[in-house]
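In: sharing a sequence plus its predicted fold:
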Amino acid sequence: MRKIAFLLLTLALPAFTGALEKQPLAVYHARRQALAEKAGAAVLMFAAVEQGESLYGFRQDNNFYYLTGWTEPGAALLILAEQKSSAANETARAYTEILFLPAHNLIREKFTGPKLTADNPQAARLAGVDRVDALDKLRDLLAELLPRGELPAPAPKLYTDLATDDAESPAALPLTWLRRANAFGRVSMQDVKPLVKALRMVKDAGEMEFIRKAVAASDEAHKAAMKAMKPGINEREISALMQFEFEKRGCERPAYAPIVGSGPFSTVLHYDADDRQMQSGEVVVMDVGGEYSMYAADITRTLAVSGKFSARQREIYQIVLGAQQAAERAFVAGKSMMTGMADNSLFRAAYDYINTHGKDSHGQPLGKYFVHGLGHHVGLEVHDAGDYTVPLDKGNVFTLEPGIYIPEENLGVRIEDMYWVDAGGKLVKLSADLPSGVDEVQK
């Protein structure tokens, strides 16, 4: 009786998609079709799995979410590109997509809530996919549906999320088991990430809505910090205040570990202790942004703890702001590069400005104190999927964040804003509502 009651409860649940604001299911379907067209072959991807009780709860793998909008753990996705018959290949195949869902774990679901499974007759409609099957069937369906790659023909390709040096793939363990279970026959494994990256770099209207909401909430968090700033306040208080402000505006979590570094720690790029009491006469770098419906904001402001910059602090601040503005002026859609020192490089525009507009205490140019890149793509990740070998173009969202860090002066300044290239190729400053001019910030 308990099991029947539990299953009735799951059938009554309306969406199985969590509280995130999401795009229409047709958007994710179109992305899967676009990926299939790029791949021209089979694609197999895996959702993230729950790893104990994480600090901010379960968060879906970004690529899996981008293609499905699915927020529950443990699923798998199989996509088979359309295959037309030809003289050389008489076998035709329609576009196929199957979402595989794990069976109920009644004990675990007492802790995490009921999950949608393939035995729900509404599963395909609720998930927005053509077909739903039980995860237990994955091995047998792979063996049935995938081309077997018989010799002497070339091995057919299978695109999946292969592990890289800097990140473990959610596909690593299931692929190992499927290989042992002889699910694939003779296939050539290809990394799907470059194909998905190319899609993710160009943000659609729905993505821009979520990014704008993340930015707006984060802007308000920074304004609250500006108003609360005073000598004697602890960095942790500012960090907590900012997280409260963007979460009460709909963000589900920080987009990254908040950075609130004052005094000597204003020169530490990824300072994360956030536990120092701020002193009069210092500056504080606040690199803090929220995540709204899985989409990140990344914004940095530098403040005078006492409310007014010293002459030297003001000088360095103005140089950093000028470098950002130089990069803005240099931008040309379809031509500007984020990195490098070529004439079309935004990094070079910012670096040259810094290197020609001030000196350190030894009379040396300030360029050597700009020690990181100028910016990065932003989307489902704060450092989002992006190809830095191609120019920035329409639909891209990225940051411009020059900085100068002089440890011997206990003086670090970074100003970071988010930008979008609209359909006309115009550079739009998404965080323009947050003051960055020195007089505005002080006021």
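Out: Cool, the structure landed. Treat the numbers as computed from the prediction; the structure is a model and nothing was measured.
In: now do the SS call for the closest residue to Asn182 other than its chain neighbours.
Out: Counting by Cβ to Cβ, 6 or more residues apart in numbering, Ala143 is the residue found nearest to Asn182 once chain neighbours are left out, at 7.4 Å. No exception for glycine: its C-beta is placed from N, CA and C like everyone else's. Assigned by DSSP: H, G, I helix; E, B strand; the rest coil, the conformation of Ala143 is helix.
In: backbone dihedrals for the spatially closest residue to Ser188 that is not a sequence neighbour, please?
Out: Nearest residue to Ser188 in three dimensions, chain neighbours excluded: Ala155, at 4.3 Å (Cβ to Cβ, 6+ apart). Main-chain torsions, Ala155, degrees, to the nearest 10: phi -60, psi 130.
In: what sits against Ala155?
Out: Going by Cβ atoms under 8 Å, 6 or more residues apart in numbering, Ala155 touches 149, 186-188.
In: I only care about those residues that end up buried; give me the ChimeraX line for that.
Out: To isolate the buried members of the contacts of Ala155 in ChimeraX, using 16 or more other Cβ atoms under 10 Å:
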select :149,187
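In: just the closest of the contacts of Ala155 to Arg59, please.
Out: Val187 (30.2 Å; Cβ to Cβ).
In: what segments of the stretch 51-200 of the chain are helices?
Out: Along the stretch 51-200 of the chain, the segments classed as helices by DSSP state H, counting those that start in this stretch run 62-68, 106-112, 123-127, 138-145, 172-180, 193-200.
In: next step: the contacts of Ala155 restricted to strands.
Out: Among the contacts of Ala155, the ones falling in strands (DSSP state E) are Ser188.
In: rank the contacts of Ala155 by pLDDT and give me only the lowest.
Out: Within the contacts of Ala155, pLDDT reaches its minimum at Gly149, with 75.
In: is that residue in contact with Val187, as I believe?
Out: Yes. Taking contacts as Cβ atoms under 8 Å, Gly149 lies within contact range of Val187: 5.7 Å.
In: show me where the chain dips below the pLDDT cut-off.
Out: Residue ranges of the chain with pLDDT under 70: 1-19, 52-56, 85-91, 164-167.
In: and the residue nearest to Ser188, how far from Lys137?
Out: Separation of Ala155 from Lys137 (Cβ to Cβ, to the nearest Å) stands at 24 Å.
In: circling back: dump the contacts of Ala155 to a markdown table, plus distance to Glu207.
Out: Formatted as a markdown table, these follow (distance: Cβ to Cβ, whole Å):
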| residue | distance to Glu207 |
| --- | --- |
| Gly149 | 37 |
| Arg186 | 38 |
| Val187 | 32 |
| Ser188 | 32 |
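In: out of the contacts of Ala155, the closest to Lys22 would be?
Out: Lys22 lies nearest to Val187 out of the contacts of Ala155, by Cβ to Cβ, at 32.7 Å.
In: show me what contacts that closest one?
Out: 42, 146-147, 149, 155-158.
In: can you rerun that using 7 Å?
Out: Residues in contact with Val187 (Cβ atoms under 7 Å, 6 or more residues apart in numbering) are 146, 149, 155-158.
In: just give the nearest non-adjacent residue to it, would you?
Out: Nearest-residue entry for Val187: Leu158, 4.4 Å, with adjacent residues in sequence omitted and distances by Cβ to Cβ, 6+ apart.
In: the residue sitting nearest the centre point of the chain and Glu291, how far apart?
Out: Centroid-nearest residue in the chain, with Cα atoms, centre = their mean: Glu381, separated by 1.1 Å. Remark: distance between Glu381 and Glu291 (Cβ to Cβ) = 10 Å.
In: was I right about Thr235 contacting Asp274?
Out: Just to correct that, residue 235 is Glu rather than Thr. Yes. If you go by Cβ atoms under 7 Å, Glu235 and Asp274 touch, sitting 4.4 Å apart.
In: now the common contact residues for these two.
Out: In terms of Cβ under 7 Å, 6+ apart, Glu235 and Asp274 are both contacted by the residues Val260.
In: now the biggest helix by length in the chain: buried residues?
Out: As assigned by DSSP state H, the longest helix anywhere in the chain is helix 205-228. Within helix 205-228, the residues scored as buried using 16+ other Cβ under 10 Å are 207-226.
In: buried residues, stretch 183-201. List them.
Out: Residues 183-184, 187, 189-190, 192-193, 195-196, 198-201 are the ones in stretch 183-201 that count as buried (16+ other Cβ under 10 Å).
In: reformat those residues as JSON lines; add distance to Ala296.
Out: Below are those laid out as JSON lines (distance: Cβ to Cβ, whole Å):
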{"residue": "Ala183", "distance to Ala296": "35"}
{"residue": "Phe184", "distance to Ala296": "35"}
{"residue": "Val187", "distance to Ala296": "35"}
{"residue": "Met189", "distance to Ala296": "30"}
{"residue": "Gln190", "distance to Ala296": "28"}
{"residue": "Val192", "distance to Ala296": "22"}
{"residue": "Lys193", "distance to Ala296": "18"}
{"residue": "Leu195", "distance to Ala296": "22"}
{"residue": "Val196", "distance to Ala296": "17"}
{"residue": "Ala198", "distance to Ala296": "19"}
{"residue": "Leu199", "distance to Ala296": "17"}
{"residue": "Arg200", "distance to Ala296": "12"}
{"residue": "Met201", "distance to Ala296": "15"}
